[in-house]
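**Q** When you get a sec, could you give me coordinates for this:
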Amino acid sequence: MPRYVIERDIPEIGSAERDALREASQQSNSVLAAMKAENKNIQWEHSYVAGDKTFCIYIADNEDLIAEHAERSGFPASIVTQVKGMIDPVTAEAS
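**A** Down below sits the predicted model:
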């Protein structure tokens with residue numbers, strides 16, 4: 001399945017209390033469970049919280065599922081980018 005980075009514009013999310021982040025996570029998980037029950041292949045891997053944005057990493061069959069999750073959960077998907085590859089420090093090593 002393709003991997004996506006979802007940039008979500010959420011004012012003041014970077015200063016949200018742990019309980020608020022927990023509630024957001026629970027809401028997202030609830031929608032994902034419902035989508036899975038509908039045989040829709042989408043999975044949340046993790047998110048980075050920074051300032052007024054989150055950067056979420058998902059895998060899904062297609063970008064339409066990302067948009068559906070955003071609509072159903074109430075969390076905006078401001079920019080969705082499909083990941084084409086990954087690099088890390090090991091990439092620099094000769095093979």
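
**Q** backbone phi and psi for the spatially most central residue of the chain, please?
**A** By C-alpha atoms, centre = their mean, the mean C-alpha position of the chain lies nearest to residue 56, the distance being 3.0 Å. When quoted as degrees, to the nearest 10, the phi and psi of residue 56 stand at phi -110, psi 140.

**Q** In this structure it contacts residue 47, no?
**A** Yes: assessed by C-beta atoms under 8 Å, residue 56 is found in contact with residue 47 at 4.2 Å. Using the backbone N, CA and C atoms, a C-beta is placed for each residue, glycine as well.

**Q** Go through stretch 23-39 and flag the buried ones.
**A** 24, 28, 31-32, 35 (16 or more other C-beta atoms under 10 Å).

**Q** longest single helix anywhere in the chain?
**A** helix 18-37 (DSSP state H).

**Q** That helix - contacts with which helices or strands?
**A** Under the contact criterion of 3 or more C-beta pairs under 8 Å, 6 or more residues apart in numbering; DSSP states H and E, helix 18-37 touches strand 42-50, helix 63-73.

**Q** Now do it: distance to the chain's middle.
**A** On the basis of C-alpha atoms, centre = their mean, to the nearest Å, helix 18-37 is displaced by 11 Å from the centre of the chain it belongs to.

**Q** got the CA positions of it in CSV?
**A** C-alpha atoms of helix 18-37 as CSV (Å, rounded to 0.1, in the frame of the first residue of the first chain):
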residue,chain,number,x,y,z
ARG,A,18,-1.9,15.4,26.6
ASP,A,19,-5.6,14.7,27.3
ALA,A,20,-6.6,16.7,24.2
LEU,A,21,-4.1,14.7,22.1
ARG,A,22,-5.5,11.5,23.5
GLU,A,23,-9.0,12.4,22.6
ALA,A,24,-7.9,13.3,19.1
SER,A,25,-6.2,10.0,18.8
GLN,A,26,-9.2,8.1,20.0
GLN,A,27,-11.5,9.9,17.5
SER,A,28,-9.1,9.1,14.7
ASN,A,29,-8.9,5.5,15.8
SER,A,30,-12.7,5.2,16.0
VAL,A,31,-13.1,6.4,12.4
LEU,A,32,-10.3,4.1,11.2
ALA,A,33,-12.0,1.1,12.9
ALA,A,34,-15.2,1.9,11.2
MET,A,35,-13.5,2.2,7.9
LYS,A,36,-11.7,-1.1,8.4
ALA,A,37,-15.1,-2.7,9.2
